[in-house]
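Participant: task: produce atomic coordinates for the following.
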Amino acid sequence: MKGGFGRRSRYEVIDSILSLCFEDPTKKTRIMYLCNLSSERLQWYIEYLTRIGFLEVIWEHGKECYRATESGRKFVGGFQEVKALFGHQNISKASPVFSYQR
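Facilitator: Model prediction:
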């Protein structure tokens, strides 16, 4: 979320991480700073994204790095299409909240 206020949705954070790791292997600290995440939150996302096959661990020069897998790249492409439909708004604010009352 650039230039806006409010919290990012989980999908926006995932998009940020995967976009950063789209082509080049990226170190954890770089992801943490550029995606504005605490180390605890980042660890949760890395574990989740590697578990579902969107992110892979790459060892480069003895350093643990991360790169988006083909599935992760597909997510980024699809998410970009969804953002375009909403006119690049903050998706979490554009999504209606449905409450069913009886």
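Participant: what residues of stretch 12-24 count as buried?
Facilitator: 12, 13, 14, 15, 16, 17, 18, 19, 20, 21 (16 or more other Cβ atoms under 10 Å). (Each C-beta comes from the backbone N, C-alpha and C, glycine too.)
Participant: spatially nearest residue to the fifth one, not counting backbone neighbours?
Facilitator: Nearest-residue entry for residue 16: residue 35, 4.6 Å, with adjacent residues in sequence omitted and distances by Cβ to Cβ, 6 or more residues apart in numbering.
Participant: show me the contacts for that neighbour.
Facilitator: Counting by Cβ atoms under 8 Å, 6 or more residues apart in numbering, residue 35 makes contact with 13, 16, 17, 20, 42.
Participant: distance check, the first one against residue 63.
Facilitator: It stands for residue 13. The gap separating residue 13 from residue 63 is 23 Å, by Cβ to Cβ, to the nearest Å.
Participant: helices of the chain, start to end?
Facilitator: Ranges of helices within the chain are 10-20, 28-34, 39-51, 70-85, 91-94, based on DSSP state H.
Participant: pLDDT of the third one, averaged?
Facilitator: Helix 39-51 carries an average pLDDT of 97.
Participant: could I get the buried residue list for it?
Facilitator: By neighbour count on 16+ other Cβ under 10 Å, the buried set for helix 39-51 is 42, 45, 46, 49.
Participant: now the end-to-end length of stretch 29-48.
Facilitator: End-to-end span of stretch 29-48 (Cα to Cα, to the nearest Å): 17 Å.
Participant: list the contacts for the residue positioned nearest the centre of the chain?
Facilitator: The structure's the chain has its C-alpha centroid closest to residue 14; by Cα atoms, centre = their mean the separation is 1.7 Å. With contacts defined as Cβ under 8 Å, 6+ apart, the neighbours of residue 14 are 45, 49, 54, 75, 79.
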